[in-house]
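A.B. asks: Okay, structure incoming, though there's no sequence with it:
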DNA sequence: GATTATCTACCTACTAGTAGGTAGATGTCA
DNA sequence: TGACATCTACCTACTAGTAGGTAGATAATC
């Protein structure tokens, strides 16, 4: 994948995270990248393929980030905090998670893209679940729900926060207090 | 507003809650209602007006439901439980809240529709906040966050749960456990 | 080294199809 | 007769995608 293809994906990612799948067009991309609409088809044969590659790249980058979080924090509590800050970042740019906004449009996505989105959520939920299980076994964390449900709650909360941020003044500071509360609810009470 | 207009809104609401604003068309509505595409324009001059009316009707119905919840439960805790069950219902039909899915597409909505969506979130958050404040003052509830933040957390969680339900197997039973946990976190510990 | 062929990355010009929307005729009641 | 509701037939603007071509870099052959 060459530089132009990467640039196309970069632009597409911004467009999707702002407007969604149905509302981004080859014309939009062509304008921002500075090549003709038809030339996009040289790099990606269809909108489906482009979006499939976009989700694939996003998933890989996200997994890399999660691995990075693991490496730089031995403490599960700190890892969780850093995970939450990932979503706070998106929120502060009023951008949703790519797979979050795609999830809202699930019904109109090509099957192959749906698959990628589902995989993203499975991966992310598994990572959170494992983290919580590890933390629970060492006593760093004290989940009140089964780790799987605790992971669901965390994921739903951060995705929901990004979603409603576009329509309510759920400010960044509110996100911070909510994140603290979410953390507190699975950390051992001192 | 006559019967046909109501029927158009009914169909439109289902379409939007499944596919979103950009992906529903007059052709879809015409097919399901059984009238010609052009005839829709007799009832609603534009897509913008149709969606504006749709959001307006949804907000009014939602406020009515909230009032109904107040009337049938004196206990704030029970009211909260019923509010959560409202969102569980949507989830079990894999339908998002109308304003939830519209929020994801905020950037491409006509200004007048954006306004309605923002109003919905303001109203709903206010209702939750007032409920929590009332519960706190009578001791029925013991919020750990400022009522406003607690309301944000609840709203973000239920909206997020509906969002990710489309792409992950966050089952209804998971929602129930999460709802219980959310309730437990603002109820006095016995 | 020059010729030939192939490949890369783009272009212009077009297609079929769909979007929301409009004008004006037609039917259907009270 | 007149208001209401729906129709046919159309429009413009835009969508993803295609056909066919081109300049220039790269590789293969003589």
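C.D. replies: Cool, got the structure. In this text, all values refer to a predicted model and were calculated from it rather than measured experimentally.
A.B. asks: contacts and neighbour counts: CA atoms only from here.
C.D. replies: Fine.
A.B. asks: need the residues of chain A near DNA strand C, please.
C.D. replies: Residues of chain A found near DNA strand C (Cα under 7 Å from any atom of the strand) are A:2, A:4, A:34-39, A:42.
A.B. asks: Please report how far whatever residue of chain A ends up closest to DNA strand C lies from residue A:47.
C.D. replies: The minimum distance from chain A to DNA strand C, using Cα to the nearest atom of the strand, falls at residue A:36 (3.3 Å). Distance of residue A:36 to residue A:47, given as Cα to Cα, to the nearest Å: 15 Å.
A.B. asks: So for the two, which residue has more residues nearby?
C.D. replies: Remark: of residue A:36 and residue A:47, residue A:47 carries more neighbours, 16 against 13, as counted by other Cα atoms under 10 Å in any protein chain shown.
A.B. asks: what about the more buried one, distance to residue B:22?
C.D. replies: According to Cα to Cα, residue A:47 and residue B:22 sit 16 Å apart.
A.B. asks: same question, residue A:106
C.D. replies: According to Cα to Cα, residue A:106 and residue B:22 sit 13 Å apart.
A.B. asks: The biggest helix by length in chain A near chain B anywhere?
C.D. replies: Of all the segments of type helix in chain A, defined by DSSP state H, the longest one is helix A:111-138. Yes - with Cα under 8 Å from any Cα of the partner chain as the criterion, chain B is reached by helix A:111-138 at A:114, A:117-118, A:121-122.
A.B. asks: Just the buried ones out of those, please.
C.D. replies: Among the residues of helix A:111-138 next to chain B, those classed as buried by 16 or more other Cα atoms under 10 Å in any protein chain shown are A:114, A:117-118, A:121.
A.B. asks: what does stretch A:12-23 rub up against?
C.D. replies: Stretch A:12-23 is contacted from outside by A:24, A:29, A:54, A:95-98, A:101-102, A:105, A:108-109, B:22-23, B:104-108, using Cα atoms under 8 Å, 6 or more residues apart in numbering or on different chains.
A.B. asks: Pull out the buried positions in that stretch.
C.D. replies: Residues A:12-23 are the ones in stretch A:12-23 that count as buried (16+ other Cα under 10 Å).
A.B. asks: just to revisit the earlier point, closest to residue B:153 among the residues of helix A:111-138 next to chain B?
C.D. replies: residue A:121 (20.6 Å; Cα to Cα).
A.B. asks: contacting residues around the closest one?
C.D. replies: By Cα under 8 Å, 6+ apart, residue A:121 lies in contact with A:99, B:164, B:167-168.
A.B. asks: Likewise for residue A:55?
C.D. replies: If you count contacts by Cα under 8 Å, 6+ apart, residue A:55 has them with A:98-99, A:113, A:116-117.
A.B. asks: Quick check: what element follows the helix or strand hosting it along the chain?
C.D. replies: For residue A:55, the host element (DSSP states H and E) is helix A:47-72. The first helix or strand that comes after helix A:47-72 along the chain, using DSSP H and E, is helix A:76-92.
A.B. asks: hmm, back to that, the longest helix of chain A and DNA strand D in contact?
C.D. replies: No - against DNA strand D, helix A:111-138 shows no contacts by Cα under 7 Å from any atom of the strand, the least distance being 12.8 Å.
A.B. asks: Give me the distance from that helix to the chain's centre.
C.D. replies: Centroid separation for helix A:111-138 versus its chain: 11 Å, with Cα atoms, centre = their mean, to the nearest Å.
A.B. asks: which helices and strands does the following helix or strand past that helix pack with?
C.D. replies: Scanning forward in sequence from helix A:111-138 by DSSP H and E, the next helix or strand is helix A:147-165. For helix A:147-165, the packing partners by 3 or more Cα pairs under 8 Å, 6 or more residues apart in numbering or on different chains; DSSP states H and E come out as helix A:76-92, helix A:111-138, helix B:98-104, helix B:147-165, helix B:172-184.
A.B. asks: ok, now with 10 Å
C.D. replies: On a contact count with 3 or more Cα pairs under 10 Å, 6 or more residues apart in numbering or on different chains; DSSP states H and E, helix A:147-165 meets helix A:76-92, helix A:98-104, helix A:111-138, helix A:172-184, helix B:98-104, helix B:111-138, helix B:147-165, helix B:172-184.
A.B. asks: about what we covered before: residue A:153: which of the contacts of residue A:55 is nearest?
C.D. replies: For those, the nearest to residue A:153 is residue A:99 (16.8 Å; Cα to Cα).
A.B. asks: how close does the closest residue to that closest one other than its chain neighbours sit to residue A:151?
C.D. replies: Closest residue in space to residue A:99, ignoring its immediate chain neighbours: residue A:117 at 5.6 Å, by Cα to Cα, 6 or more residues apart in numbering or on different chains. As for residue A:117, its distance to residue A:151 is 17 Å (criterion: Cα to Cα).
A.B. asks: How about residue A:179?
C.D. replies: Plainly put, residue A:179 is 14 Å away from residue A:151 if you go by Cα to Cα.
A.B. asks: Return every residue with contacts to both of these two.
C.D. replies: When contacts are counted by Cα atoms under 10 Å, 6 or more residues apart in numbering or on different chains, the set common to residue A:179 and residue A:151 consists of residue A:157.
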